[in-house]
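In: next one to model:
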Amino acid sequence: MNTFIFGLLAISSLFVFFKLGKIKASGKQLDRDDRIKWGRNAQKKVRKDPNGPKNLEEQPEQISDQSKN
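Out: Next comes the predicted model:
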């Protein structure tokens, strides 16, 4: 009996999920100027500096081996 109830629950949940999945965001939400670029072509942030562009990403520091005393 539990299998039947949970099976119906799973099927109905999937049905609702796929029906609601067809709803798209409104045009006001999609056509924003400050929208996050999620694609692969998102460019790195570059700081404008008179000496030239610099990446804001920091390079990792070298960790010394502390076992050598």
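
In: can you give me the helices for this structure?
Out: 2-20, 27-30 (DSSP state H).

In: out of those, which gets nearest to Ile36?
Out: helix 27-30 (12.0 Å; Cβ to Cβ). C-beta coordinates here come from the backbone N, C-alpha and C atoms, glycine included.

In: so for the closest one, mean pLDDT?
Out: Mean pLDDT, computed over helix 27-30, is 82.

In: which strands and helices sit next to that helix?
Out: Counting contacts by 3 or more Cβ pairs under 8 Å, 6 or more residues apart in numbering; DSSP states H and E, helix 27-30 packs against no other helix or strand.

In: contact partners of that helix?
Out: Lys24 (Cβ atoms under 8 Å, 6 or more residues apart in numbering).

In: recalculate using a threshold of 10 Å.
Out: Lys24, Arg35 (Cβ atoms under 10 Å, 6 or more residues apart in numbering).

In: before we move on, the earlier item: any idea which of the helices of the chain scores lowest on pLDDT?
Out: helix 27-30 (a mean of 82).

In: one step back: mean neighbour count and distance to Asp65 added to the helices of the chain, as CSV?
Out: Formatted as CSV, these follow (neighbours: other Cβ atoms under 10 Å; distance: least, Cβ to Cβ, whole Å):
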stretch, mean neighbour count, distance to Asp65
helix 2-20, 9, 52
helix 27-30, 8, 51
